[in-house]
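Engineer: I'll drop the sequence and a predicted model, then ask my questions.
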Amino acid sequence: GAVVSQHPSRVICKSGTSVKIECRSLDFQATTMFWYRQFPKQSLMLMATSNEGSKATYEQGVEKDKFLINHASLTLSTLTVTSAHPEDSSFYICSARDPTGTGVAGELFFGEGSRLTVL
Amino acid sequence: SQKIEQNSEALNIQEGKTATLTCNYTNYSPAYLQWYRQDPGRGPVFLLLIRENEKEKRKERLKVTFDTTLKQSLFHITASQPADSATYLCALDALGGGFKTIFGAGTRLFVKA
């Protein structure tokens, strides 16, 4: 099946700094990628839809200036958490669909996730 | 707004038994419903998708049912094994389209040897 790779898997940063998380589709092209956030024992919350070559679409309540999303190519989307604070500490996961693969329509392929800890 | 409910309590079963997990949803009629497996600290992995016009879908030891009248899906793992221990997430295509998918909080399954 399609592979989505996410980096870094873990990152610790100081409050006030910015952190960039990369999401790559390794063997397919993804015009759309989805960024989720997950707190312990809670569901994945969709943050935004990343669109190649255009602006991301953010879900209600997600700060655009706080969570910068760039989808510069068909295989790479990045999420930058700007001026991070301890409450931004969470598990961030990206996903994409493989439109050309033999997988089931609607199936999402997820990255390994990135654990962000803001001190 | 859409709401997906999964039993938040962990399910503990003995190896070899059938595990049954429940997913209920409200305020929406999804075109399809999906089930994913998530291990601690990892991203979810797709298991099965069932469409609104399908009553049941099987894959090896897994079986999913979809009752659009009750707005409920049941996820079964037969002949469960300790390796099946994980969190299982129910997911729906989001209201409003855009190919977005929303997830339930998941049910943690523990299979004892």
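Structural biologist: Structure's in. What do you need? Numbers count the residues shown, from 1 in each chain, chains lettered A, B, ... in the order given.

Engineer: who's in contact with the residue in chain A that chain B sits nearest to?
Structural biologist: At 3.3 Å from chain B, residue A:110 is the closest residue in chain A, using CB to the nearest CB. C-beta: built from backbone N, CA, C; applies to glycine. Going by CB atoms under 8 Å, 6 or more residues apart in numbering or on different chains, residue A:110 touches A:4, A:93-95, B:43-45.

Engineer: Just these: which are in helices?
Structural biologist: Here DSSP state H is the test, and those give no hits in helices at all.

Engineer: Now render those residues as a markdown table, adding pLDDT and distance to residue A:67.
Structural biologist: Below are the contacts of residue A:110 laid out as a markdown table (pLDDT from 0 to 100; distance: CB to CB, whole Å):
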| residue | pLDDT | distance to residue A:67 |
| --- | --- | --- |
| A:4 | 95 | 19 |
| A:93 | 98 | 13 |
| A:94 | 97 | 12 |
| A:95 | 95 | 16 |
| B:43 | 94 | 18 |
| B:44 | 96 | 20 |
| B:45 | 95 | 25 |
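
Engineer: From those, pick the one nearest residue A:43.
Structural biologist: residue B:44 (10.6 Å; CB to CB).

Engineer: Please list all residues in contact with the residue of chain B found nearest chain A.
Structural biologist: Closest residue of chain B to chain A, CB to the nearest CB: residue B:43 (3.3 Å). Neighbour list for residue B:43: A:4, A:6, A:93, A:95, A:110-113 [criterion: CB under 8 Å, 6+ apart].

Engineer: Swap in 6 Å and give it another go.
Structural biologist: Residues in contact with residue B:43 (CB atoms under 6 Å, 6 or more residues apart in numbering or on different chains) are A:93, A:110-113.

Engineer: List buried residues within those residues.
Structural biologist: The neighbour-count test (16 or more other CB atoms under 10 Å in any protein chain shown) applied to those identifies A:93, A:110-113 as buried.

Engineer: Among those, which lie within strands?
Structural biologist: Using DSSP state E, A:93, A:110 are the members of the buried ones among the contacts of residue B:43 that sit in strands.

Engineer: Return, as residue ranges, the portions of the chain with sub-threshold pLDDT.
Structural biologist: Just so you know, I chose chain A. For chain A, the stretches flagged by pLDDT under 70 are A:100-105.

Engineer: Hmm, no, I was thinking of chain B.
Structural biologist: B:95-98.

Engineer: 80 - rerun?
Structural biologist: B:1-2, B:8, B:28-29, B:94-99 (pLDDT under 80).
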